[in-house]
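> I'll drop the sequence and a predicted model, then ask my questions.
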Amino acid sequence: MCFKKLFTIGSTLLIITTNTFSANVNDVVAPNIVFEALALNRDIATAAKPVYLSPTDLVPSPDKTKLYVAEQTSKKVAIVNIAAKSVTKKIKLPNEVTGVAVSPDGSKLYVTCSSELWPEGFVYELDEASGKIIKKIKVGHSARAPVISHDGKTLYVCNQFSDDVSVVDISAGKEIRRVKVTREPYAAKITPDGKTLVVANSLPLARATDTASAHCDISLIEIDNDYKITTFGLTQGSHSVFGVTITPDGKYALITHLVGYYTLQATRIDAGWVHTNDLAILDIANKKLLNDISLDYSTDIGCANPWGVACTDDGKFVCVAHAGSNELSIIDFAQLLEISKGTTWLAGKFGTLNKTSIRKRVTVEGRTPRALAIIDNKAYTAGYFSNFVEEFNISLSTGKASAKIELGSEPAMTMERNGEYQFYCGDIYHCTGAWQSCNSCHPHTRPDALNWILSGANGAQKNAKSMLYSWWTPRTNWNGKRANTRESIYYGILNELGRQPQDSVQLPMEAFFMRLKPVPSPYLVKGQLSESAQRGREIYYNKAKVDCIECHPGKLFTNLKYTPSICNDIWDATAQIKVPSLNECWRTSPWDHIGSSISMDSVCINRLHSTNAYKLSNQELKDLVEFVLSL
Amino acid sequence: MSRTGELYKKGKLLCAALCSFFIIVHADESVKYLHFYDAVDNSIMFYEFKYEGDVNTERTLYMADSTFIKRTIIENTTGGKIETSYNFNGDTLFCSKISTDGNQKVLNVRDQFGVDQLDGDVRFSGDGNEYDILQNGNLINKIKYADDGTITICSSDGELLYYAKMESNVGIVYRYKNNKIAPVLNALGNNRFVFNFNLSEPATVSGELISLSGRHAGKLFKKVYASGAGKEMINVSKAMPAIANGVYFLLLTVDGKKVMNEKILVQRSAGGF
């Protein structure tokens, strides 16, 4: 009895004890601490960061009755019943949703998640019926664009900032291999025979001064041949390769991208003077780029920022979502192919698709449509800055959406969100002729890796700049030509978009730039400096050893001063260059103001750049570079 | 019941009671971790708290996979608390001020440039267990503290959005031991070892070499691991290239508590490691 009582007391106390923490608990885990963590991670809404939906991927179910919508910033997958035209379920994920794939039998969903705050990529295997997470599989940095093999056994994931593709054994629930590709893989598709994975690299990896090499690559990965890669260069100046699809016969890969005409001084924007908006056709079997067709309508009217692309099952039509001009192109593929087989290279030929018998342009209500899916004879798009899906009949006589499917309510845009939208929008209200958006030269607000000759530059080319921290490091431009971001935005709108700047556009954009934050570097290990980078940090801050912090001090790693060129600039030999910030430089190659180097090692030891870094041992240099690329 | 059976039962009860008291004795400890989950139990992130004496001076935020996000240093000032958060390089990310206005706590978060990260002060009004969270006069969330150490975060209309669970230092070690998944150290040759372990909760795992005389010879690793099975490859040659030949103790700790102390032989080749 005594023991029983003791046990009862003990048990009671045990419960109390495990449930009760010391007296300072309310202080340590005060409500503000709980709230702050969730608010800054954008899990709960604040006035600064309301929760928007941001649909970014649309994927049909195998039985064609449903559409899966990746709602990126709400961290959810919405399941849309096509017949009922309504959302039947939303599945919550732990991080931002960047892409969705469906198992061949439709029972499982494979969702890639990563965000700018938490870029470590994961694939979540979900039970479609219950919405429960079954498996969580670690993949690479900024994972996106999941593609499932036709037998449902393997998943391929583009790791945008790891510059590789993860091969995931689904039944084992783990990544079994990484396949290195060129740079920033953004989209992928598998051929109908399951033998080849076509991967779109979204940025060039080349010295910008090497005009012959400044283009994006398409990687063809032979799945059944030990993942052997064949790489194709798209048209010179190609970048922002954001969409890929494969024709149902498996013969062609269709790839959306921009072509920057960076060797011309940017004095006008019509007639594709700065950018054309293209669809490349790749002959997969013959491993040959068949043609690259400008999707722009005429010399006066462009079709900015082609993004999502898809084919009808019968191969008769190909559709392209234009995120800049807010349009959908419906194209007769047989005619397009016939034209493409001709001898004329069509990248800069306008009017190829302006015949109504070949292509129909349809205005999309959703703001900046990136995602596109086709089910039978219907195309579906969703604007990234909207909260609905639009349905279109696929026909050359289609004039408007046939239906609109609401995804849920969304708060009004904040100034920052509005600025983000203004940045990505390139419709006729934002750009004369809808040729381009701000995103055309600064994809995702970062550089396009090309050199440009801006108006009044007297022929001197300069590498495109990142917008990150531009607000905090005036003056702007490489040579400090503009006083600040406001002035840069003003002249950007005026000169590069051909519009008279309005406060309603430039002020929100300024707020957007002001709040940009760096993405954690893929060189970090679990968010922290690697051992090599830690050693490199010691070197970086050692004034006796190197002179890094003379020009790159402080938290922004710039002294905001001017310095003579650190490279041999034949176009502007006496250029005084404003010292750039090093934050996120892992992402901004090619480096220096004319993009003449793709090796950070050589940038560091260049004697025009540093007077003593060349004295470092190989290991010290490696460590220093590791640190710099971790910032 | 036989006398033996009676004794056995009493023995069991005694053990259970003693075991309970064991926890009671050690349970008056501060919160070590706070784990965040969404409403469908997805693990999102966690805080690790550090103390000087009884005073919480620091906390570190990790995502669910143990990716480091920020380290926050807490200062108590006459005007309230000032919490400064730093990134992996020790550069300031955010500065939060927590002040008191009447019966409300007021939170203001600014980034390193002074930009308000919440667009307006957030106010907390409540009685110690339930708080209303208000911004610009609007109720935006509710936070409740339950007796079992769970904190729930609900929308203004009461829908559960997220919850957080506290763990004390003792809780983790207790469960760690209770899991009965013993840590294992295996030699791989050439001064290389693999340390396999299993954590019921995220914890800091560290390894160091101690000389036979008990002198600290050097640090091998110190990392935060997520819950579940973990593995650390130890390469003594790489971590401590200047160490002398000899026998050492390899001390492995979890959250500062010793879990293994293995004797190992460190051998240098003629040309170094």
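Yep, it's here.

> do you know how far A:Pro411 is from A:Ala37?
Taken as CB to CB, to the nearest Å, the spacing of A:Pro411 relative to A:Ala37 amounts to 21 Å. Just so you know, the C-beta spots here come from the backbone N, C-alpha and C atoms, and that holds for glycine as well.

> these two: which has the busier surroundings?
When A:Pro411 and A:Ala37 are compared on other CB atoms under 10 Å in any protein chain shown, the one with more neighbours turns out to be A:Ala37, at 25 against 12.

> quick one: the more buried one is in a helix?
Yes - secondary structure assignment (DSSP: H, G, I helix; E, B strand; the rest coil) places A:Ala37 inside a helix.

> isn't it up against B:Met45?
Yes - counting by CB atoms under 8 Å, A:Ala37 does reach B:Met45; the two are 6.6 Å apart.

> can you tell me the residue of the stretch 501-631 of chain A closest to chain B?
Using CB to the nearest CB, the single residue of the stretch 501-631 of chain A nearest to chain B is A:Gly527, 3.4 Å away.

> phi and psi next, for that residue.
With angles defined as degrees, to the nearest 10, A:Gly527 sits at phi 80, psi 0.

> could you do A:Leu507 as well?
Taking degrees, to the nearest 10 as the convention, A:Leu507 sits at phi -70, psi -50.

> tally of neighbours for it?
Other residues within reach of A:Leu507 by the criterion other CB under 10 Å amount to 17.

> OK, contacts around it?
For A:Leu507, the residues meeting the contact criterion (CB atoms under 8 Å, 6 or more residues apart in numbering or on different chains) are A:415, A:419.

> centre-most residue in chain B?
For chain B, B:Glu48 is the residue whose C-alpha lies nearest the centre (CA atoms, centre = their mean; 3.9 Å).

> number of nearby residues for B:Ser43?
Using other CB under 10 Å, B:Ser43 is surrounded by 17 other residues.

> then A:Gly194?
A:Gly194: 14 neighbours (other CB under 10 Å).

> now the closest residue to it other than its chain neighbours: phi and psi?
Distances taken as CB to CB, 6 or more residues apart in numbering or on different chains place A:His150 nearest to A:Gly194, at 4.5 Å, with adjacent residues excluded. Recorded main-chain torsions at A:His150 are phi -70, psi -20, according to degrees, to the nearest 10.

> OK, contacts around A:His150?
A:His150 sits next to A:104, A:190, A:192, A:194 when contact means CB under 8 Å, 6+ apart.

> let's see it at 10 Å
A:104, A:190-195 (CB atoms under 10 Å, 6 or more residues apart in numbering or on different chains).

> so where's chain A shaky on pLDDT?
A:1-26 (pLDDT under 70).

> if you set the cut-off to 50 instead, what comes out?
Along chain A, segments meeting pLDDT under 50 span A:1-23.

> sorry, back to before: what do A:Ala37 and B:Met45 both touch?
Taking CB under 10 Å, 6+ apart as the contact rule, A:Ala37 and B:Met45 both touch A:43, B:34, B:36, B:61, B:69, B:164.

> hang on, the fifth one in a strand?
Yes - using three-state DSSP, the secondary structure at B:Ile69 is a strand.

> which ones are touching it?
Residues near B:Ile69 by CB under 10 Å, 6+ apart: A:37, A:40-41, A:117-118, A:520, A:527, B:45, B:47, B:60-63, B:85, B:87-88, B:93.

> could you redo the last one with a cut-off of 6 Å?
If you count contacts by CB atoms under 6 Å, 6 or more residues apart in numbering or on different chains, B:Ile69 has them with B:Leu61.

> can you check the second one too?
For B:Leu34, the contact set (CB under 6 Å, 6+ apart) comprises A:29, B:47, B:164, B:166.

> same thing with A:Pro518?
For A:Pro518, the set of contacting residues under the criterion of CB under 6 Å, 6+ apart consists of A:468, A:583-584.

> I'd like those residues as CSV, with secondary structure, neighbour count and distance to A:Gly342 appended.
Formatted as CSV, those follow (DSSP: H, G, I helix; E, B strand; the rest coil; neighbours: other CB atoms under 10 Å in any protein chain shown; distance: CB to CB, whole Å):
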residue, secondary structure, neighbour count, distance to A:Gly342
A:Leu468, coil, 23, 43
A:Asn583, coil, 24, 47
A:Glu584, coil, 19, 43
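
> make JSON lines from those and add distance to chain B to it.
Rendered in JSON lines, the data for the contacts of A:Pro518 read as follows (distance: CB to the nearest CB, whole Å):
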{"residue": "A:Leu468", "distance to chain B": "13"}
{"residue": "A:Asn583", "distance to chain B": "9"}
{"residue": "A:Glu584", "distance to chain B": "12"}
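
> flag every residue of the stretch 51-200 of chain B that's near chain A.
Residues of the stretch 51-200 of chain B that fall close to chain A, judged by CB under 6 Å from any CB of the partner chain: B:56, B:63, B:65-68, B:88, B:91, B:98, B:107, B:113, B:117-120, B:124, B:131, B:133, B:135-136, B:143, B:147-149, B:151, B:162, B:164, B:166, B:168.

> weed out the non-buried ones from the residues you listed.
If you count burial by 16 or more other CB atoms under 10 Å in any protein chain shown, the buried members of these come out as B:56, B:63, B:65-68, B:88, B:98, B:107, B:117-119, B:124, B:131, B:133, B:135, B:143, B:149, B:151, B:162, B:164, B:166, B:168.

> buried residues, stretch A:520-536. List them.
Residues of stretch A:520-536 classed as buried by neighbour count (16+ other CB under 10 Å): A:520-530, A:532-533, A:535-536.

> for those, which one is nearest B:Ser211?
Closest approach to B:Ser211 among these (CB to CB): A:Arg535, at 25.0 Å.

> residue in the stretch 51-200 of chain A nearest to chain B?
Counting by CB to the nearest CB, the stretch 51-200 of chain A gets nearest to chain B through A:Pro94 (4.2 Å).

> was I right about that residue contacting B:Ala39?
No - distance between A:Pro94 and B:Ala39: 11.6 Å, which falls outside the contact criterion (CB atoms under 6 Å).

> give me the more crowded residue out of the two.
Each of A:Pro94 and B:Ala39 has its neighbours counted (other CB under 10 Å); A:Pro94 has more, 24 against 14.

> secondary structure element holding B:Leu61?
In this assignment (DSSP states H and E), B:Leu61 forms part of strand B:55-63.

> tell me which residues in the particular helix or strand that has B:Ser96 in it are buried?
Using DSSP H and E, the secondary-structure element containing B:Ser96 is strand B:92-101. Judged by neighbour count (16+ other CB under 10 Å), strand B:92-101 contains these buried residues: B:93-98.
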